[in-house]
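Q: with the sequence up front, the predicted model follows.
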Amino acid sequence: MKIKLIPIIGLEVHVELKTNSKMFCGCKNDPFGASKPNIYTCPVCLGLPGALPVPNKKAIELTVKLGLGLGCEINRESRFDRKHYFYPDLPKGYQISQYEKPFASGGELKFRIQNSEFRIIRVRRVHLEEDTGKLLHRKIDGEEVSLIDFNRSGVPLAEIVTEPDIRSAQEAKETAKKIYQIVRALGVSDADMEKGSMRLEANISLSEIKEKGKRKKEKGELPDYKVEIKNINSFRFMERAINAEIERQEKILESGKKVQQQTFGWDTEKQELKPQRVKEEAADYRYFPEPDIPPIVLSDDWILKIKDQISKLPEEIYEGLIRTGIAAAAAKVIVGDRELAEKINGIIREIKEIGDIRDIGNWALHHQEMIKEKPVDELISLFKQGREGLVSDSGQLKRWVKEVVEDNVQAVNDYRKGKEAALMFLVGQAQRLAKGKADVSLVKDMLSSKLSSDL
Ligand SMILES: [Zn+2]
């Protein structure tokens, strides 16, 4: 009997929260803007003995907001715990995190994969912790040294953990993008992956399914190992890293061996997995309640107030744009930029003609920066002026289309052989004849119907 392997993937996403001060002290939270290392530090974030942590209320508010945005339940009572481990970037010897009682749990992400099928990925929890310092490995006077910068030490960090509901590298990428969009839409973090204010981790294992007969494992039962890939700083790299890991595990399992529980990093330069360490069990961290911070009790009123601040979320905005007739590709770009989405929605509310609304998507793609700068009423008149100057007279358009088809035999043949890109080339040629004044969507329709009819 043939055995099929399916990937079981969960994500952990860290985002640095946008607060003025750090998580447990009054130091400035601006690790990327700091002019020098170690300038935003004090006894608390340097882990000096006897310093007492005081939780940052704004950070808790942003974590609750994030939890609500991810559809979670907000726990009325939560607690901070100490997570113990030794590493030079963690001067206290433990990190203040949350273990048994996070601020939010049990959410869900619902989104379309490639504009078609709806997927639901459950969110296990959202908890709040402190970031570590940053180690820098340099060569000074011919000697390899490690330097440490504590500007980042104690910066509030929210961790989002999904259930292992993801079934492919592509789905993992879409899920991470979805989380990114929500984080940005809520304004809780800059989520800049290049700088590291958003960091991705994936847990991957493979589950066996017998192709004939019943599932070997009941739904919800997981393989007895998982491999972690840590500190990935782009969606694309995450997709590659997961694909590489799936391939590696397939080879091991197909040869009849067991996959070892392990942690990898992703080597951006070599574009390959690099082994880090054999994974510790959770018990190794010796979690226990943080004795210097009492449990945190949140009132219904306070949670409701935060709920009221949340504006529309990306999935809703996306569906709204699609309903007004904007093309999926344009809608995706618009939703990815909160400012742009607000402006476009403002314009759509004022414009009545359906045909015009359809073209706003395209127009937005070409004028994104301008749209963000100008007020809605000025944008509406600019949009209308742009359309007034367009040639939509079908006689004139037909003459241009005819000329283009006659002059570009090669591209016409390419298109007929199935090369879609050739159509846009031909549209471009017509636009050249029209000195940029042809109504592109009409030209495109005319060209494609002409090319498919006079075969
Ligand atoms: Zn400090």
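A: Happy to help now that I have it. Residues are numbered from 1 along each chain as shown.

Q: ok, residues contacting the helix-or-strand element of the chain with minimal mean pLDDT?
A: Least confident helix or strand, the chain: helix 354-366 with a mean of 76, by mean pLDDT, DSSP states H and E. With C-beta atoms under 8 Å, 6 or more residues apart in numbering as the test, helix 354-366 has contacts from 321, 324-327, 330-331, 333-334, 340, 344, 347-348, 351, 371, 383-384, 386-387, 440-441. C-beta coordinates here come from the backbone N, C-alpha and C atoms, glycine included.

Q: so what touches the one helix or strand L66 maps to?
A: Element membership for L66, per DSSP states H and E: helix 57-69. Residues outside helix 57-69 that contact it (C-beta under 8 Å, 6+ apart) are 15, 17-20, 23, 73-74, 103-105, 107, 126-128, 156, 158, 160, 182-183, 185-186, 188-189, 296, 298, 303, 306-307, 309-310, 313.

Q: now the buried members of the residues you listed.
A: Buried subset of these (neighbour count, 16 or more other C-beta atoms under 10 Å): 15, 17-19, 23, 74, 103-105, 107, 126-128, 156, 158, 160, 182-183, 185-186, 188-189, 296, 298, 303, 306, 313.

Q: was I right to think G10 contacts E171?
A: No. With contact defined as C-beta atoms under 8 Å, G10 does not reach E171; the gap is 11.5 Å.

Q: between those two, which one's more packed in?
A: Using other C-beta atoms under 10 Å as the criterion, G10 and E171 rank with G10 on top: 23 against 19.

Q: ok, the more buried one to I209 distance?
A: G10 sits 18 Å away from I209, going by C-beta to C-beta, to the nearest Å.

Q: could you do P43 as well?
A: 55 Å.

Q: ok, and the closest non-adjacent residue to K4?
A: Nearest residue to K4, sequence neighbours excluded (C-beta to C-beta, 6 or more residues apart in numbering): I209, at 4.8 Å.

Q: so what pLDDT did the one you found get?
A: Looking at I209, its pLDDT reads 77.

Q: which of the contacts of helix 354-366 are buried? Put it as a ChimeraX command.
A: Per 16+ other C-beta under 10 Å, the buried members of the contacts of helix 354-366 correspond to this ChimeraX selection:
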select :321,324,325,326,330,331,334,340,344,347,348,351,371,383,440,441
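
Q: of the contacts of helix 354-366, which belong to helices?
A: Judged by DSSP state H, the subset of these located in helices is 321, 324, 330-331, 333-334, 340, 344, 347-348, 371, 383-384, 386-387, 440-441.

Q: can you tell me the SS state at L147?
A: Of the three states, L147 takes strand under DSSP: H, G, I helix; E, B strand; the rest coil.

Q: now do Q260
A: Under three-state DSSP, the three-state class of Q260 is coil.

Q: what about it, how many residues nearby?
A: 11.

Q: gap between it and the ion?
A: Distance from Q260 to the ion, counting by C-beta to the ion, to the nearest Å: 39 Å.

Q: please enumerate the strands of the stretch 51-200 of the chain.
A: Using DSSP state E, counting those that start in this stretch, the strands of the stretch 51-200 of the chain run over residues 73-74, 77-78, 81-84, 94-97, 104-113, 117-130, 134-140, 143-149, 156-162, 198-210.
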